[in-house]
Each structure stands twice: as structure tokens, then as C-alpha cells.
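Chemist: from the sequence below, what's the structure:
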Amino acid sequence: MENRVYTNENRPAYNDVFKRVILALVGAHFIVVYGDHEDIGKIIRHFDYYNAMIASFVIAFLVLYYIWMITRYLDARLDWFLDTNKRIAAQLALGLAPPAAIAVLLAWVYFSMYGHDIRDTPYFDSDFPVILLFIFLANIYYFLYYLVVSFWPRDSTEIKEDISKPTPQIEQEGSLSLQEQYRSVILVQTPLKSIPVHTSDIAYFFREQKQNYLRKYDGEIFEISHSLDELEASLAPSAFFRINRQMIISFSSCKEFRPTDGPRLALGLLPAPSDPVLVSETKVSAFKNWIIR
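Modeler: Now for the predicted structure:
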């Protein structure tokens, strides 16, 4: 299906804390020894090296943590592919100047603890240029991370999940027909009658209290026996989209969407559901591609 392209649904979570620790250690070491012409073997035998190393590591790790947070924040709001120019501008504005200011502030605290004025030290001549390079490379790292996750083939776990999904059977009770490429009618079974509901009349499907329902544009709600996985596999991907585990919406039902405080999107649907509707974090990019056509 179109909405199952790996690039769109798998915006990275950047679970790379171990890499950040390693990068912070390497960066801290480079900052400490940069400009020192003494032999590296002698440098690491001095107590001052480890004192400066600890302070530099804390600063480097906090700077990386800030860049990690701001990258996740921007990923949820400005997609690299859909909002390229705005994203570049935002990444430069929020990913370079603020972490540089954080580094200077923390360095000022460090020097003040030892009774030094940062302006009387070689910090801005030797350390600060290296820190700026470190910050720039950190932003490049997360951009490359995004590209790799977006375009790298799916791993074996995801493929296994796709294979393990049950294939809908042809026209049995409670199952979906594969005689046509996509369904145009959902048959609703009630105690007294069967009701054919055209998919063009359906605003969304949702799951509530372990039961699945469809809701029409006129507000009518019907209980259905089909699972959301079955529906997702049999509905036209241009007309319907699975925004999270509990809901599939139609294109025409979405009247608006807006960012939340987190990485998800909030939707305004017609007819309005009783509870807030959120696009899950991993679906945000795919949803934007689907809705902006």
C-alpha cells in the first residue's frame, strides 16, 4: 500500500544515547588537547587533563542533548522533504546559535568556579572554534541519520511482521473480499438486516473497548466485524489512511491538522469524535504526504 512506504512511516526516534556519549567523549578530548603542543602521553598523565576532560564532556554532552531535542522537535513540524527550505532555516537558527550560547554559558560557569574571567582565557581563540565545528558536525550527523533511516531498506523484523499478517479470505462471513483491488462497500450486519455502506459515505473507522466501528458523514455509527488491519489492506490508500492503531480516516473527513506539544499531530475531523484525535509519531510524515496532494 502507498501509505506503508518505509521512508514516510519511520521518522527516526534517534535512540542513540550511547553514540552521544562516545561523541561527547571524543569531542571533549579534542577540545582539551587542541592547541597544546605537549606530547599526548604527557598530557593524559596530568591531573588537570582529567579535570578539564570532565567539564568538557559535560558541556559536549549537554550540547548534543539539546541538538537531539531540537532535531526531534523540528522533525515533527518541518519535514526535510516537504518543507526543505523552512527546515534548513529552522535547523540553522535553532541548531547552531543556541547550543553555541549554551557552551559559552557553561564554560563561563566552569572558569568562574576557579576564579577566572573567561575573557582572560584562550577559550574564544582556541576552544570555541572547535566547539562551533563540533556543533555543526552534530547537526550534519542527525541530518544523515534521518536520511539513512528514511531510505534504508526495512529490517528483517518489519518484513517478518508483514509476512505474519493474515491474508483476508474471499467473501466469508466477517472477512473481506479480494475480488476487486479495493473495497467500495462495507457490509454491516445487524440483528434484523444487512446494510451495505458505500466507502464514499464513511468518514472514519475506529476501535473502542475492543470493538470496531465505522462512522458515516451523517453521524451514523455501525459496529463492524472487520479488523482495522483488514480494512487498511482493502481500502483505497488514496481515500483512507491509518493514523494510529485505533483509527482509519477518510480524506474528506479531515478538516484541519495542527502540531501538538509533542511529536504527534492533532486532527479536526467531521463529524467530530468525542475524544481528541492524534496522528501517531511514526505516521506523521506519511500523513503529510497523504493529505498534501
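Chemist: helices and strands of the chain: which one bottoms out on pLDDT?
Modeler: Among the helical and strand segments of the chain, the one scoring lowest on mean pLDDT, DSSP states H and E is helix 6-9, with a mean of 37.
Chemist: state the distance from A100 to F128.
Modeler: Relative to F128, A100 is positioned 8 Å away (CB to CB, to the nearest Å). Placement of C-beta: from N, CA and C, glycine included.
Chemist: what do you get for W108?
Modeler: 12 Å.
Chemist: then P122?
Modeler: Per CB to CB, P122 is found 9 Å from F128.
Chemist: so for these two, which residue has more residues nearby?
Modeler: Taking neighbours as other CB atoms under 10 Å, P122 and F128 compare with F128 leading, 17 against 9.
Chemist: quick one: classify the more buried one as helix, strand or coil.
Modeler: Following DSSP: H, G, I helix; E, B strand; the rest coil, the label given to F128 is helix.
Chemist: could you verify my assumption that it touches V104?
Modeler: Yes: using CB atoms under 8 Å, F128 makes contact with V104 at a distance of 7.2 Å.
Chemist: give me the contact list for stretch 88-104.
Modeler: With contact meaning CB atoms under 8 Å, 6 or more residues apart in numbering, stretch 88-104 is reached by 59, 62-63, 66-67, 70-71, 74, 78, 118, 128, 131-132, 135-136, 138-139, 143.
Chemist: output stretch 85-100 as PDB, nothing but the C-alphas.
Modeler: Coordinates of each C-alpha in stretch 85-100 appear next as PDB, following Å, rounded to 0.1, in the frame of the first residue of the first chain:
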ATOM      1  CA  ASN A  85      13.800  25.500   2.800                       C
ATOM      2  CA  LYS A  86      12.000  26.200   6.100                       C
ATOM      3  CA  ARG A  87      13.600  23.200   7.700                       C
ATOM      4  CA  ILE A  88      17.100  24.300   6.700                       C
ATOM      5  CA  ALA A  89      16.500  27.700   8.000                       C
ATOM      6  CA  ALA A  90      15.000  26.400  11.300                       C
ATOM      7  CA  GLN A  91      17.800  23.900  11.800                       C
ATOM      8  CA  LEU A  92      20.400  26.600  11.300                       C
ATOM      9  CA  ALA A  93      18.600  29.100  13.600                       C
ATOM     10  CA  LEU A  94      17.800  26.600  16.400                       C
ATOM     11  CA  GLY A  95      20.600  24.000  15.900                       C
ATOM     12  CA  LEU A  96      23.600  26.300  15.800                       C
ATOM     13  CA  ALA A  97      23.300  29.500  17.700                       C
ATOM     14  CA  PRO A  98      21.500  28.300  20.900                       C
ATOM     15  CA  PRO A  99      23.900  25.300  21.500                       C
ATOM     16  CA  ALA A 100      26.900  27.700  21.000                       C
END
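Chemist: any idea how far it is from the chain center?
Modeler: Offset of stretch 85-100 from its chain centre (CA atoms, centre = their mean, to the nearest Å): 18 Å.
Chemist: tell me where the model's unsure across the chain.
Modeler: By pLDDT under 70, the weakly predicted segments of the chain are 1-11, 35-41, 43-45, 47, 150-180.
Chemist: ranges for the strands of it?
Modeler: 185-189, 194-198, 202-208, 211-216, 221-224, 240-244, 247-250, 254-259, 265-269, 277-279 (DSSP state E).
Chemist: format the ones you listed as CSV; extra columns: mean neighbour count and distance to I88.
Modeler: Listed next are the strands of the chain as CSV, based on neighbours: other CB atoms under 10 Å; distance: least, CB to CB, whole Å:
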stretch, mean neighbour count, distance to I88
strand 185-189, 17, 44
strand 194-198, 11, 44
strand 202-208, 21, 35
strand 211-216, 17, 41
strand 221-224, 15, 45
strand 240-244, 24, 28
strand 247-250, 23, 31
strand 254-259, 13, 19
strand 265-269, 19, 22
strand 277-279, 22, 24
